Each structure stands twice: as C-alpha cells, then as structure tokens.
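K.L.:
Okay, predicted coordinates and the sequence, questions at the end:
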Amino acid sequence: MTEAPAPLSATQPRSLMGAAALRLLGGWGARVGLAWIGLLVLTAVFAPVVASSHPFVWKTDGGVSSPWLRHLTLTDAVLLLSFAVAAVLLLCRRIPLGRRIAAWAFLTGALTAAAATGSAVELWRDRATGGVPLVFLMVCVLLAVVAGLMLLIAWSSSAGGRGKSVVAVACVLLAGGLLAAPIDPPSSVVYSTYREATAAGEVDWQLLAPLAYSPGDYQRDAMSATGLDARLQKPSLAHPLGTDESGADVFSRMIHATRIALAIGLIATGIAVAIGIVVGGLMGYFAGVVDLLGMRLVEVFSAIPVIFLLIMIVAFYGRNLYLMMVILGATGWVGYATFIRAEFLKLRKMDYVQAAHACGAPLWSILFRHMLPNGVTPVLVLASFGIASAILTESTLSFLGLGLVEEPSWGQLLNQARRAGGQWGLTLFPGLAIFLTVFAYNLVGEAMRDALDPKGGA
Amino acid sequence: MLSYIVRRLLLLIPTLLGVLAVVFFVMAFSPGGFGGTALTQDGAQSQGEDAKRARKALERRYGLDLPKVAQFGRWINQVSPVGFRMSGDVSFTDGERDAVGASLADLPFNTRPARLQQAVGTAQTIAGYAGLDAAAAAARLREALATPAAGLGVLGDLDSRLDADERDALKAKLSELAADPARGAERAQYELLRVLSFEASGRSRIRFDKPAFKAPDLGQTLRGRSVGALLAERIPVTILLNLLSLPLIYAVAIVSGTYAARHKGGAFDVGSGAVFLGLWSVPVIWAGVVLITYFANEQYLRWFPAAGLHDVQASSMAFFPSWENDRFARGWLLDALWHLVLPVICMTYGGFAVMSKVMRGAMLENLTADFVRTARAKGVSERRVLWQHAFRNSVLPLITMVSSILPALFVGAFVVETIFSINGMGKLGVDAAFQKDRELVMATTLMGGVLGLLSELVRDICYAIADPRVSYD
C-alpha cells in the first residue's frame, strides 16, 4: 500500500462519522438525552456509595472497621473498577480516542470475565445444595460471549505491540486482583444492627452514606424504636421520596434500580442487534431462497406480541432477569434484520463487494468487514429506540408483578403506587424516572436520525 | 387484486403456524410443564384416587401423554376447521340423545335424573369413540352396568393403555361394592359410571379416518370452561376499546398534524412537536397510575370511576340519559362512556403523538412538492390544495402505521385493562399465562397473531386503494 491513499481512506469515513457526531452533539435534544443517560450511568456505578445502610467506616468497641466494604458485592466491585479504569484512560489524552475506548472495553471485559468465572465456580461448587443449572449455564454463556468480544477487540485493534502488552498486564492485574480479593458479602443482612448500635451508644464515630438506607433495608426496627410505621411514609428529610409498602426507602430503591434499567436496555438490544445483523446480513447478501425463508422467520417473530411472550415465559419458567434479556433480544431482532437486509441488498451489487468477492475474501470478511460498516448506521438509530422500548417492557413486566422480587426496579415501585394511598413520592417519581429515561433514549435516537440523514445535513 | 388477497391469505397460514409453534413449544418444554399445578390450585380434593383420575382425565383432555410434537399436531387438528375427529368430539342430535336416554331409562339406578344424564353422556362418548350408533352404545353401557366388575371391557375400549394393576384394583373395588348388601349393586354401578365419565372426558385420541369439515374447537380451560365462549365474552370489550381509540388517534393526528404543517414554525407547530415528543415517551403504566390516583380517587378528584366498564347498577339503568324524580340519571350509555374516559386516554395519547408527527412530516413534504405549487399556480383554492392534493398524498404513511398501531393497541390494551380492571382480551391472556392455562394461552396467541397479520394485509389493500400507482398484480 502506498502512502498517499492510506490517509484518505482512513480519514474519509472518520470525517463523515465525525461530522455526524458533531451534528448530533450540536442539537439540544441529544445533549439533554445524553446528559440524563450519563447521570444514570454514574448513578448505577455509584449506587452503593450514594445509598447504603452500611457505614463506610465506623469505630465500635471492636475497633475501626468498614461494614460497607464487607458488604460490597462482586457487581459493585466490577462497576467501580471499570469506572476507575475509564477515569484513568480519560486522563491519557495522548492516546487516540478509539484506542482508549478499545482498551477500556477490553479491561471491562476482563473484569466481567473474572467476575463471571468467580460466580461460575461458586455455582458449580453449590450445585449439590440446589445450585440452579439454568443460571450456571447462562453464566457460562456470558463468559463465552465476553471472551469472544475480548478476542474481537484484540484482533481488530490497531494498537501497537507495546500498547497491547500494557493493556494485557493491566488486564491480568485487575482480573487477578478481583478474583483474589476477599469479596464475600454475607447472604443475610440485618440492617437494624447499625441503628441499634448507634442508639445504644456503642458507636464512637461513623461515616454514613449520603442516603443512609439500602434498597433492601425494610426498617423492621422502626416500629419498635420510634413507634412509627415505616411503611408508605410520605416524603420527608430522612426519606426524600418517602418509603414503599414494605418500609424501604423509595429514593434508595430508585437509585439502585438504574442498574437493572440500564443493563436490560443495553444487553437486550445488544443481543437483538447481533442476531439482526447476522440474519439480515445473510438474507441481504444471499437473497433468493435464503431471503424468502428469512422473511418468513421475520414475519413469524414480528407477529408474536413480545410482551405477551415474555409474560408467558416468566409464568412458565420463573423470574430471571437474564432470561428476560435473552427473550427481549431473541424476539426484538426483526427490525434490525429488515434494515440490514435492505442495505445489504443494495450493497451486494456494489463494485467493492464484488471486488472483495473476486479476491476470494472469506464470507465473514465480506459481510462484516466490508459491507457492515457501510450499512450499519440506520441500525444505530433503531438501537436507540430499541433500548427505550426494552426499558419500557421491563418496567411493564415489573409493574404487572412479573419482575424480580427482591431486586428494586422502577416498574415494581410504580406497581406499589396503585395501593400507595397518599404517598405521592411513589406515584410520581418512579414513573418520572422511566419517562425521562425512555425520553432520553428517544431524543438521542431522533437526533441521531437527523444527524445521519444526508438530506438533513448542513 | 383478488388473487393477491387470496395469495396473501394462504401465505398467512405458515406464518401463523410458526407463531403458534413458538408459543406452544415454549410452554411444552417449560420445567414443571403445563397444568402441573392446576389440580392443587383448584383446591378440590387433591389426594387419593379421585385426584389421580381427575389428573388423568386432564392429561387425556390435553393429550399430555403424547410426545410434544404430537401434542402440537393434536392442538392444530382440534382448532382447524378441516381435520380428523377426536374421541369425545362427537356430538349427537337430540333424537339420538333421546334414544340413548330411553334405552337406559329402565335401569334400576336410573331413578335420579342426574345419574341418567351422566349415563347418557358416557354412552354417547363411548358411541362416538367406538363408532357405534346410539342404540349400540346404550346396549354396551347397560351390559357393563349389569355386572360392573365384568364391564371393565368398555374401559379398555376407551383407554388401551389403562394399567393392568389399575384395572385389577378397580375390578376388586367394584366386586367388593357389588357384594355389599345395602344397595351395593347400585353403588358399584355408580362407581363404574364415574370412572367411565372420567375416562371418557378425555379427547386424547385422534381417529385417523377421513378428514372432515368440523367446527373449530379452541378446547377447554383448565377449569373446564369452553375457551371459545370465554373469548366471545371478552373480545367485544377489547374491540370496543380499540374502536373508540383508533378513530380518536386518527382524528387528533390528522387535525394537529395538518395544522402544524400548514403553519410550520409557528407556536402551535413548535409547542405540539415538543409535547408530542414527550407524550410519546410517557409509559402507559405511569399515565394509568397517575390518572387513577388523581382523577379517580376520593382523596383528590373523584371525577371518574376507578375500575370496570359499567356501574354495579348499570343493568337496571335506562339506555339514554334522562330526568328521573327531578334527578339526572345518566343511563347505561353515558355510564359506559364515563367509565371509558380514562382507559381510552391511556390507549390513545401515545398513538396520536406518533401519528401527528408522521402526518406533519408527510404533509410538509407534499406541501413543498411541485404538484402543489402547480395547483396553487393555476389558482386552485387553498382548501382544495390542502385537502385534495396534499392530504390525499399524505395518507400513505398513516396507512403504514395502521399495521403497527393495531397490534400495539391490542397489546397495549392489556396494560390498560389490568390497571383499570376491565375484563377484556388482554387481561384474559395475562391471566391465562399466570394460570399456565395452555388452551387459553394458545387461543389468545391465535387471536393476536391473526389480528397482527390481518392488519398487515389490510394495510397493503388500503395502499392500493389510496394510491392508484400501487398494484399487486
């Protein structure tokens, strides 16, 4: 390859995407939407820091200790570490942005893989005492997917040997550290011990979280201590949004519920996009019989009311967040597939595709390295709306009482609002959170559509 | 056009089969399975012989003893209007029924009408199963009832896979009962009849004779109600909700979309654009909860009723509003409308938010098109330009949306129905899933699938009507 065309081919698509990104960020709608999503991400990462019954540090008769650290879960650790990695990478301004993103994705993948391995080993060890094979299987699948993604990043990254080895060392350190760390939160927590200890004067000093209630803290002690029923209290200083019908702090539950909302949106849509791209790509590239059969499959899946299928699966297979994500993904790929198919039907006759074919490029290379980057943009727009609808579906299911039982979720809080009486904190805020999140993703989707639309461009 | 419609209708069948297969096998392969808990949930005697028999009858009714693929085939056979007959399917004419009844009437235990009914029913089922005529079936049953312990052969007819030891146990029990001096024979007969009824209530076996036209049968719910009857009761409610919502959505969308496009950049355009974008994202569950909390609640405003479709006393109301005893009586019609206000608001706001945007976009595109400028240039009145030139061409995207909005309304209806406690189709489907009621789930899926696919067909036909350029031949 000569020197002259290389920068051209490298800058041409980037400048197009860059222009689209700039146009995207220029609109107020996208800014507001992205700001809200960013706030949600921060909330999700720092949920245990913001709202927790466990004191960060306290001094009791037994000396100085940190109950907060002892109750930190594996998920908390992975999220916080991943955020720390992102913060460090954000400061390394000399490395190109794309490479930093790749490094971050790789390190997060390593952390996730370490966490998944840890829980898989634990599940395998507990299998005799009622370990759930379905969950074990899913963890294994997750592990495989993460490993595949990491290989993909490593393979497609343009980083030099030194950068790769730095990342690899960091990777081993982080993952090894996470595996070796004594993260073993007790399975049952009695939150009232902290308040009782404080009331009994056993605590010399303590550092509490800004909102001193965990989502699972039902304040069972409140009745005996203060004579007040902790359930369905209206908003007050101690509980900014009041309490729910089992006595837990609504604000704390809402903060911790951002995790479920974000996770279900991203993962379900990720699965759907992946299936859609593969099926749609094959349909569009081969056309003919494959296309005909694929279209029947598309029709079948677009005729199934997703939410009804979900309700059925929850009823027949039990409540499981991961299952929910998989089902949402497995039924939601239709839109992406038809888009990609339409794009690929156009692209397959293009000269460069024919050239790649004539050169003897393997099928996956033609499909995913040559055609996909040129046909993927409409899918990004659709994915943004897809995330919104996945979040909406999850909250609807939780609202119907089909979501997770112990884990907090916005829809579940909204469900309680039907019986809340005068507790307006329950009626207004969880719904507002769902609305704002869905609205944010829709705004981003709209803005992306405008930004990518060649007609609407400057 | 006609051949196109027929072709599309035929293509609809494999798609529908695919949908049904997905739903069916998701249920069939679930751990715990379908109906597994039905009997204990029913609260009936869940132990002992009876429970075992009832469970068997249930298994037989739904063909649960067959392989899963065969179960699906069986369900399809049951639903399709052309198919094989199944045991227990055969219904008799009144004349045949009377014939069987009359020939059974002189039996000693037939002094009680209920038992006679039971015997007649069983005899009918036997006849249907074995392909006998009514008289032969009655004779067969009478023969069996004369010596209950020896009459177990009839049972063998019904179920060739009846366990040998089970049959022996039954035989022993019947002999013991018959030997009892106090009305022993009668009790033995009753026992046999009961066992027969249980066995005969099954429809598991398909008789592979000539396929014939038959009435499609959606089966029975776990509690033994006819699914078809249940659907017939619930569907009108959902249709009513949709019939009110759909025109409302379109009316609001067309008016506001056209106005916004006409006065582009004006206050209404910008304001409605922002409001609709927001409305579009408001989750129905939140809207429902807020409406029901603030507008149907004693603590705040009790403007609207909180639940149901009619007042408790609606059946005694006059149809139209009237003055009665110097008081205003709202009457049945107004009462129903009053109950429908909040649900219909919940079902429509999302729809008209989207549709208004679509309408505005299409209208804007057409108002700047060449043919509109030509029309204006030759002096066509502004009203005609708007409604006859631009509007006609802007309808197409609205038609496209029908196919996405109709199934969405149907699905959205179940959330609304759940929040406002309206006994419609959607709520039925959700309850069916909760109760793991296979036949009910399948029937709801069938309805939903047919509705979704038909709305696509209707969309394509509407295209051809609205746009003369579109042709399918």
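P.N.:
That came through, no problem.

K.L.:
CA atoms for contacts and neighbours, from now on please.
P.N.:
Noted.

K.L.:
Would you mind listing what in the stretch 251-400 of chain A touches chain B?
P.N.:
A:296-297, A:299-301, A:303-305, A:307-309, A:311-313, A:315-317, A:392, A:396, A:399 (C-alpha under 8 Å from any C-alpha of the partner chain).

K.L.:
please redo it, this time with the cut-off set to 6 Å
P.N.:
With the criterion set to C-alpha under 6 Å from any C-alpha of the partner chain, the stretch 251-400 of chain A comes near chain B through A:Val300, A:Ala303, A:Met312, A:Ala315, A:Phe316, A:Tyr317.

K.L.:
export the residues you listed to TSV and tack on pLDDT and secondary structure?
P.N.:
Formatted as TSV, these follow (pLDDT from 0 to 100; DSSP: H, G, I helix; E, B strand; the rest coil):
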residue	pLDDT	secondary structure
A:Val300	81	helix
A:Ala303	75	helix
A:Met312	83	helix
A:Ala315	81	helix
A:Phe316	80	helix
A:Tyr317	80	helix
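
K.L.:
from these, which is closest to A:Ala144?
P.N.:
A:Tyr317 (23.4 Å; C-alpha to C-alpha).

K.L.:
Name all residues that make contact with that closest one.
P.N.:
Contacts for A:Tyr317 (C-alpha atoms under 6 Å, 6 or more residues apart in numbering or on different chains) come out as B:Ser30.

K.L.:
distance of A:Phe344 from A:Tyr352?
P.N.:
Here the criterion is C-alpha to C-alpha, to the nearest Å. By it, A:Phe344 lies 13 Å from A:Tyr352.

K.L.:
which one of those two has more residues nearby?
P.N.:
A:Phe344 (26 against 14; other C-alpha atoms under 10 Å in any protein chain shown).

K.L.:
isn't the more buried one right up against A:Phe286?
P.N.:
No. Taking C-alpha atoms under 6 Å as the definition, A:Phe344 is not a contact partner of A:Phe286, at 9.3 Å.

K.L.:
Can you name the residues that contact A:Arg23?
P.N.:
A:Ala451.

K.L.:
which SSE is it in?
P.N.:
Secondary-structure assignment from DSSP states H and E places A:Arg23 in helix A:5-26.

K.L.:
following that helix, which helix or strand comes up?
P.N.:
Downstream of helix A:5-26, the next assigned helix or strand under DSSP H and E is helix A:28-50.

K.L.:
pull the CA atoms of that next one into PDB?
P.N.:
Taking Å, rounded to 0.1, in the frame of the first residue of the first chain, the C-alpha atoms of helix A:28-50 are listed here in PDB:
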ATOM      1  CA  TRP A  28     -30.000  20.400  22.400                       C
ATOM      2  CA  GLY A  29     -32.200  17.200  22.300                       C
ATOM      3  CA  ALA A  30     -29.200  14.900  22.100                       C
ATOM      4  CA  ARG A  31     -27.300  16.900  24.700                       C
ATOM      5  CA  VAL A  32     -30.200  16.600  27.200                       C
ATOM      6  CA  GLY A  33     -30.700  13.000  26.400                       C
ATOM      7  CA  LEU A  34     -27.000  12.100  26.700                       C
ATOM      8  CA  ALA A  35     -26.700  14.100  29.900                       C
ATOM      9  CA  TRP A  36     -29.500  12.200  31.500                       C
ATOM     10  CA  ILE A  37     -28.100   8.800  30.400                       C
ATOM     11  CA  GLY A  38     -24.700   9.900  31.700                       C
ATOM     12  CA  LEU A  39     -26.300  10.800  35.000                       C
ATOM     13  CA  LEU A  40     -27.900   7.300  35.100                       C
ATOM     14  CA  VAL A  41     -24.600   5.600  34.400                       C
ATOM     15  CA  LEU A  42     -23.000   7.500  37.200                       C
ATOM     16  CA  THR A  43     -25.900   6.600  39.500                       C
ATOM     17  CA  ALA A  44     -25.700   3.000  38.500                       C
ATOM     18  CA  VAL A  45     -22.000   2.800  39.200                       C
ATOM     19  CA  PHE A  46     -22.000   4.700  42.500                       C
ATOM     20  CA  ALA A  47     -25.400   3.400  43.800                       C
ATOM     21  CA  PRO A  48     -23.800   1.700  46.800                       C
ATOM     22  CA  VAL A  49     -21.800   4.800  47.600                       C
ATOM     23  CA  VAL A  50     -24.800   7.100  47.400                       C
END
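
K.L.:
Does chain B have contacts with that helix?
P.N.:
No. If you take C-alpha under 6 Å from any C-alpha as the test, helix A:28-50 misses chain B, and the best it gets is 10.3 Å.

K.L.:
which strands and helices sit next to the helix or strand that comes right after that helix?
P.N.:
Later in the chain than helix A:28-50, the nearest helix or strand by DSSP H and E is strand A:57-60. In terms of contacts (3 or more C-alpha pairs under 6 Å, 6 or more residues apart in numbering or on different chains; DSSP states H and E), strand A:57-60 is packed against strand A:63-65, strand A:205-207.

K.L.:
before we move on, the earlier item: by neighbour count, sort out the buried ones in the residues of the stretch 251-400 of chain A next to chain B.
P.N.:
Burial by neighbour count, judged by 16 or more other C-alpha atoms under 10 Å in any protein chain shown, picks out A:Val300, A:Ala303, A:Met312, A:Ala315, A:Phe316, A:Tyr317 from these.

K.L.:
Can you give the contact residues for stretch B:248-260?
P.N.:
For stretch B:248-260, the external contacting residues (C-alpha under 6 Å, 6+ apart) are B:Asp269, B:Thr348, B:Gly351, B:Phe352, B:Met355, B:Ser356, B:Met359, B:Arg360.

K.L.:
Tell me how many other residues crowd the third one.
P.N.:
Yep, that's B:Gly351 we're talking about. By other C-alpha under 10 Å, the residues close to B:Gly351 number 25.

K.L.:
so which strand or helix has it?
P.N.:
Going by DSSP H and E, B:Gly351 is in helix B:331-367.

K.L.:
Would you mind pulling up the elements that that helix packs against?
P.N.:
helix B:227-262, helix B:267-281.

K.L.:
Break the chain into its domains for me.
P.N.:
Reading this off chain A. A:27-52+A:245-458, A:73-184 (automatic domain parsing).

K.L.:
hmm, I had chain B in mind actually
P.N.:
Using automatic domain parsing, the domain ranges for chain B come out as B:82-213, B:227-320+B:328-435.

K.L.:
Could you tell me the least trusted of the ones you listed?
P.N.:
Among the domains of chain B, domain B:82-213 has the lowest mean pLDDT, at a mean of 73.

K.L.:
Between the two ends of that one, how far is it?
P.N.:
4 Å.

K.L.:
Look up the closest residue to the residue in the stretch 351-473 of chain B positioned nearest to chain A, ignoring the ones flanking it.
P.N.:
For the stretch 351-473 of chain B, the residue positioned closest to chain A under C-alpha to the nearest C-alpha is B:Ala433, at a distance of 5.0 Å. Spatially, and ignoring its direct neighbours in sequence, B:Ala433 is nearest to A:Met312 (5.0 Å; C-alpha to C-alpha, 6 or more residues apart in numbering or on different chains).

K.L.:
any idea how far B:Thr445 is from that neighbour?
P.N.:
Going from A:Met312 to B:Thr445 by C-alpha to C-alpha gives 11 Å.

K.L.:
Ok, B:Asp165 next?
P.N.:
Taken as C-alpha to C-alpha, the span from B:Asp165 to B:Thr445 is 41 Å.

K.L.:
quick one, which of the two is more surrounded?
P.N.:
B:Thr445 (23 against 9).

K.L.:
Could you tell me the per-residue confidence at the residue lying closest to A:Leu80 once chain neighbours are set aside?
P.N.:
Spatially, and ignoring its direct neighbours in sequence, A:Leu80 is nearest to A:Val45 (6.0 Å; C-alpha to C-alpha, 6+ apart). pLDDT for A:Val45: 91.
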